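In: Structure for the following, please:
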Amino acid sequence: MAQILVVDDEVGIRELLSEILSDEGHQVLLAESAGSARSLRERQRPDLVLLDIWMPDTDGITLLKEWSANGRLSMPVIMMSGHGTIETAVEATRIGALDFLEKPIALQRLLATVRRALRHSEVAPTRELSLAALGRSPALVEAKKRLAQLAHSSSPLMLRGEPDLRAELFARLLVGPAAPFLSGEAVLSDAPSDVLARAAGGVLFVDDLTRLGRAGQRSLDFLLVRAARHKARVVSYSPVDLKTLVERHEFEADLAKRLAELTLRLPSLRECAEDVPDLAQGLLVQLVESRSCPSRRFSTAALNALRLHAWPGNLVELEAVVRDLAYSSLEEEIQLEDVERALASRAPPPEVPVAPAFDLDRPYREAREDFERRYFERLLASEGGSMSRVAERSGLERTHLYRKLKALGLQVGRREEA
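Out: Alright, predicted model coming up:
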């Protein structure tokens, strides 16, 4: 028995589908709008969703995009419409819908499609994080447009950007969902002929060229020469420019130039701040639905705090923070305080100011005044401006202390006893 969510604004269709599917032994959940479906999906994961396209509050395609963007499209979805077009069906499939049913729905067609979708759900792997449905920030929108344009070329492409961007997620946008995408150690360690055969019509992705030794460079050179013959495209990523790659990381200059025949700069996570909430929710949903942690969800304030963080460690840092929050938060809803705690635990310790070197090559009077000024600045700071404690620590009478501080141009602290 499967749990099936039916989303349709027409009560007659909801009742009909509920009756048919219940007779087949399934548990049926009903939602009359996208808003109701959204709320229900936040609380649980159905085995299958039948989703109407035309609804008054939010259309089904938009809801499908939302689920894809925030990681909640982890179950098969069948779109339904009484006046759909081929273009609509294609778009829904591209976003992640498994199939499309046209109303009025024939009984046998409905049951066959549901059975096929449930079989697909049993064997489908855990959905990976994807940038396909994201794009609230102008920086990410532009990067995706450029990648879509570059996807039509077969020339080698080098992606450039800050460390820990997870450049592979951008590289995956260069191929369709059915095209091969090979990445990781196997690309350069497996037999080249096997790698090229598996990558035919797709992409060979090599991450972080700065870590590639001489043996890896030779393997990459071999693949690059033969990739076009197999209609495979080589895409690489470097966190440094070509000059630095060659001079500091001992990368072969000619190979670097050929890899960078086309080059695209990727935006940092702080440039894509508007997309951080969707990314964070997608990462959290993955952890929850893989049963790695208890049920969790973000409060609005928590998501806003994540959006405002600078993310010097980019997506890798965001993944670590979300993991921390998923495992260590005490309540089901992750609050602002939880985010502040997780971010503070990763912040570098404050730098201890280093006093400038003391210049001894000057007149005695200037050197003495400089020493006294530094001495009393340090005492005032350590004693919180308490004149009583500064006088006690320095061994000076209070009236003399005030005169000395004034002569040195230092702000006099409070007079009251601390």
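In: quick one, helices of the stretch 201-350 of the chain?
Out: Ranges of helices in the stretch 201-350 of the chain, per DSSP state H, counting those that start in this stretch, are 214-227, 242-249, 253-259, 276-289, 300-308, 314-328, 336-346.
In: tell me the angle of the last one relative to helix 314-328?
Out: When axes from the mean of the first three to the mean of the last three CA atoms, to 10 degrees is applied, the directions of helix 336-346 and helix 314-328 differ by 120 degrees.
In: In three-state terms, label residue 154 for me.
Out: With DSSP: H, G, I helix; E, B strand; the rest coil as the basis, residue 154 sits in coil.
In: contacting residues for it?
Out: 228, 231, 233 (CB atoms under 8 Å, 6 or more residues apart in numbering). Glycine gets a C-beta too; all of them are placed from N, C-alpha and C.
In: go with 7 Å
Out: 228, 233 (CB atoms under 7 Å, 6 or more residues apart in numbering).
In: related to what we said a few turns ago, may I see the helices of the stretch 201-350 of the chain arranged in a markdown table, with mean neighbour count and distance to residue 95 as well?
Out: As requested, the helices of the stretch 201-350 of the chain are exported to a markdown table (neighbours: other CB atoms under 10 Å; distance: least, CB to CB, whole Å):
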| stretch | mean neighbour count | distance to residue 95 |
| --- | --- | --- |
| helix 214-227 | 16 | 30 |
| helix 242-249 | 15 | 37 |
| helix 253-259 | 17 | 32 |
| helix 276-289 | 22 | 14 |
| helix 300-308 | 17 | 22 |
| helix 314-328 | 18 | 22 |
| helix 336-346 | 16 | 29 |
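In: Tell me which of those lies nearest to residue 87.
Out: Set against residue 87 and scored by CB to CB, those come closest in helix 276-289, at 25.1 Å.
In: can I get the CA coordinates of the helix or strand of the chain with the lowest mean pLDDT in PDB?
Out: Least confident helix or strand of the chain, by mean pLDDT, DSSP states H and E, is helix 86-95 with a mean of 80. Taking Å, rounded to 0.1, in the frame of the first residue of the first chain, the C-alpha atoms of helix 86-95 are listed here in PDB:
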ATOM      1  CA  ILE A  86       3.100  19.400 -25.300                       C
ATOM      2  CA  GLU A  87       5.300  22.400 -24.300                       C
ATOM      3  CA  THR A  88       3.900  22.200 -20.700                       C
ATOM      4  CA  ALA A  89       4.400  18.500 -20.500                       C
ATOM      5  CA  VAL A  90       8.000  18.900 -21.700                       C
ATOM      6  CA  GLU A  91       8.700  21.600 -19.100                       C
ATOM      7  CA  ALA A  92       7.200  19.600 -16.300                       C
ATOM      8  CA  THR A  93       9.300  16.600 -17.300                       C
ATOM      9  CA  ARG A  94      12.400  18.800 -17.500                       C
ATOM     10  CA  ILE A  95      11.800  20.100 -13.900                       C
END
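In: What is that helix packed up against?
Out: helix 60-69 (3 or more CB pairs under 7 Å, 6 or more residues apart in numbering; DSSP states H and E).
In: SS state for residue 29?
Out: strand.
In: Number of residues surrounding it?
Out: 18 (other CB atoms under 10 Å).
In: In JSON lines: the helices of the stretch 201-350 of the chain, plus mean pLDDT and distance to residue 162.
Out: JSON lines is the format used below for the helices of the stretch 201-350 of the chain (pLDDT from 0 to 100; distance: least, CB to CB, whole Å):
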{"stretch": "helix 214-227", "mean pLDDT": "94", "distance to residue 162": "22"}
{"stretch": "helix 242-249", "mean pLDDT": "95", "distance to residue 162": "13"}
{"stretch": "helix 253-259", "mean pLDDT": "97", "distance to residue 162": "19"}
{"stretch": "helix 276-289", "mean pLDDT": "91", "distance to residue 162": "15"}
{"stretch": "helix 300-308", "mean pLDDT": "96", "distance to residue 162": "18"}
{"stretch": "helix 314-328", "mean pLDDT": "95", "distance to residue 162": "6"}
{"stretch": "helix 336-346", "mean pLDDT": "93", "distance to residue 162": "17"}
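In: okay, the angle between the least confident helix or strand of the chain and helix 60-69?
Out: Going by the same axes, to 10 degrees, helix 86-95 makes 10 degrees with helix 60-69.
In: continuing past helix 86-95, what's the next helix or strand?
Out: strand 99-102 (DSSP states H and E).
In: tell me how far that next one is from the chain's mean position?
Out: Relative to the mean C-alpha coordinate of its chain, strand 99-102 is positioned 32 Å out (CA atoms, centre = their mean, to the nearest Å).
In: Give me the sheet partners of it and which way each runs.
Out: strand 77-81 (parallel) (DSSP bridges).
In: hmm, back to that, show me which residues of the least confident helix or strand of the chain are buried.
Out: 88, 89, 92, 95 (16 or more other CB atoms under 10 Å).
In: ok, now stretch 196-214?
Out: 196, 198, 199, 202, 203, 204, 205, 206, 207, 209, 212.
In: Could you point out which residue ranges in the chain have low pLDDT?
Out: 84, 121-127, 350-356, 358, 412-418 (pLDDT under 70).
In: domain ranges for it?
Out: Following automatic domain parsing, one finds the domains of the chain at 3-123, 147-266, 270-346, 364-407.
In: First-to-last residue distance for the second one?
Out: Read it as domain 147-266. 10 Å (CA to CA, to the nearest Å).
In: from the chain's centre, how far out does it sit?
Out: Remark: domain 147-266 is offset 21 Å from the chain centroid, using CA atoms, centre = their mean.
In: if we can go back for a sec, got TSV for the domains of the chain, with distance to residue 357 too?
Out: Below are those laid out as TSV (distance: least, CB to CB, whole Å):
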stretch	distance to residue 357
domain 3-123	54
domain 147-266	31
domain 270-346	31
domain 364-407	11
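In: Please, where are all the strands along the stretch 51-200 of the chain?
Out: 77-81, 99-102, 157-160, 181-183 (DSSP state E, counting those that start in this stretch).
In: What residues of the second one count as buried?
Out: Taking 16+ other CB under 10 Å as the neighbour-count basis, strand 99-102 is seen to contain the buried residues 99, 100, 101.
In: how about the nearest residue to residue 22, chain neighbours excluded?
Out: residue 28 (5.5 Å; CB to CB, 6 or more residues apart in numbering).
In: hmm, I was thinking of residue 184
Out: residue 207 is the one closest to residue 184 (CB to CB, 6+ apart), at 7.9 Å.
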